[in-house]
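Novice: sequence and computational prediction follow.
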Amino acid sequence: MKKIIIAIDGLSSTGKSTLAKQIAKQLNYIYVDSGAMYRAVALYALQKKLIIGEEFNKLKMIEALPSVKVSFVYNKKLNISDVYLNDLKVNKAIRSMEVSNVVSVVAAIPQVRQQLVKLQQQMGIQKGVVMDGRDIGSVVFPNADLKLYMTANAGTRAKRRYDELLTSNSNLSLQEVLDNINLRDHLDSTRKDSPLLKSNDAIEFDNSQLSKEQQLEQIMELVNSCLDS
Ligand code: DC
């Protein structure tokens with residue numbers, strides 16, 4: 001059967017990664033969480049104190065980029081891809097609110113994007129990839145076989161992310177999560193380099209009212225018709 005590239009873009013916390021993982025599992029494809037890569041670079045910036053409060057030393061960030069290695073290593077036991085920043089596994093650390101609060105400014109740096117986009121494109125060379133992010137259909141794989149653009153109302157998105165984060169951080173408030181989501185959406189959509197946008201050939205999908213199962217069923221119809229064409 002032919003192999004395709006599926007690009008999933010959209011606002012923060014629209015369930016892109018859950019959907020992408022489900023599709024990848026059904027098709028036995030590779031799943032790539034491109035947001036995790038930006039998060040890993042943001043974690044590096046925090047660890048190296050390139051960001052302190054409102055101050056971000058972008059020049060130092062750019063200089064440090066050759067020594068920032070982000071990679072995925074397949075974890076057979078858990079059937080997931082572990083995210084590595086240099087030699088350290090950072091799956092958990094990249095999901096913290098500290099990282100969420102700074103990742104959009106790190107992701108707005110063109111040199112950071114160039115480095116990560118190059119890696120992402122290499123991962124798609126053999127096709128058979130489902131990748132989610134903000135610029136996958138527009139910049140990383142403009143020729144992707146299927147492009148999805150996910151949306152959901154802000155309240156639903158905040159609640160989903162809040163429930164997800166509660167397991168590791170019980171001090172969070174829903175308002176804090178909502179504010180972070182709104183701010184990131186604003187920064188991600190208005191940055192100069194590769195802003196979040198819906199490509200003309202992307203299919204928009206609002207999942208506010210859908211369960212994960214309903215969503216998957218509807219999307220798999222699109223995927224299958226793409227595979228059959
Ligand atoms: O998907 P996520 O929320 O984990 O992504 C974290 C941040 O990374 C998001 O606020 C914007 C940025 N990002 C990006 O600029 N381009 C991508 N392809 C993926 C994520």
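Specialist: It's in.
Novice: how distant is the host helix or strand of Leu46 from the center of its chain?
Specialist: Per DSSP states H and E, Leu46 falls inside helix 34-47. In terms of CA atoms, centre = their mean, to the nearest Å, the centre of helix 34-47 is found 11 Å from the chain centre.
Novice: which element follows it toward the C-terminus?
Specialist: Counting by DSSP H and E, the next helix or strand C-terminal to helix 34-47 is strand 51-52.
Novice: now that next one, how far from the centre of its chain.
Specialist: 23 Å.
Novice: the bottom helix or strand of the protein by mean pLDDT?
Specialist: Lowest by mean pLDDT, DSSP states H and E among the helices and strands of the chain is helix 154-166, with a mean of 87.
Novice: anything in that helix near the ligand?
Specialist: No - shown here: helix 154-166 not in contact with the ligand (CB under 6 Å from any ligand atom), separated by at least 8.7 Å. From N, CA and C alone the C-beta is placed, and that goes for glycine too.
Novice: which helices and strands does that helix pack with?
Specialist: helix 174-190 (3 or more CB pairs under 8 Å, 6 or more residues apart in numbering; DSSP states H and E).
Novice: list the buried residues in the helix it packs on.
Specialist: Within helix 174-190, the residues scored as buried using 16 or more other CB atoms under 10 Å are 176-178, 180-181, 184-185, 187-188.
Novice: same check, this time on stretch 122-140
Specialist: Buried, per 16+ other CB under 10 Å, within stretch 122-140: 124, 128-140.
Novice: in strands only, show me these.
Specialist: The strands in this structure, assigned by DSSP state E, contain 129-133 from the buried residues of stretch 122-140.
Novice: out of those, who's near the ligand?
Specialist: Residues of these in contact with the ligand (CB under 6 Å from any ligand atom): Gly133.
Novice: which pair in the ones in strands among the buried residues of stretch 122-140 spans the largest distance?
Specialist: The distance between the two most remote of those (CB to CB) is 12.0 Å, for Val129 and Gly133.
Novice: still on that earlier bit, can you redo the buried residues of stretch 122-140 as TSV with pLDDT and distance to Leu19?
Specialist: Output for the buried residues of stretch 122-140, formatted as TSV (pLDDT from 0 to 100; distance: CB to CB, whole Å):
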residue	pLDDT	distance to Leu19
Gly124	96	18
Gly128	97	17
Val129	97	14
Val130	98	9
Met131	98	12
Asp132	97	8
Gly133	97	13
Arg134	95	15
Asp135	97	17
Ile136	97	13
Gly137	97	14
Ser138	96	18
Val139	97	20
Val140	98	17
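Novice: near the ligand, which residues of this structure?
Specialist: Counting by CB under 6 Å from any ligand atom, the chain comes close to the ligand at 12, 34-35, 38-39, 103-104, 107, 133-136, 184, 188.
Novice: could you redo the last one with a cut-off of 5 Å?
Specialist: Residues of the chain lying close to the ligand (CB under 5 Å from any ligand atom) are 12, 34-35, 38, 103-104, 107, 133-135, 184, 188.
Novice: which of the residues you listed has the weakest pLDDT?
Specialist: The lowest pLDDT within the residues of the chain next to the ligand belongs to Ser12, with 88.
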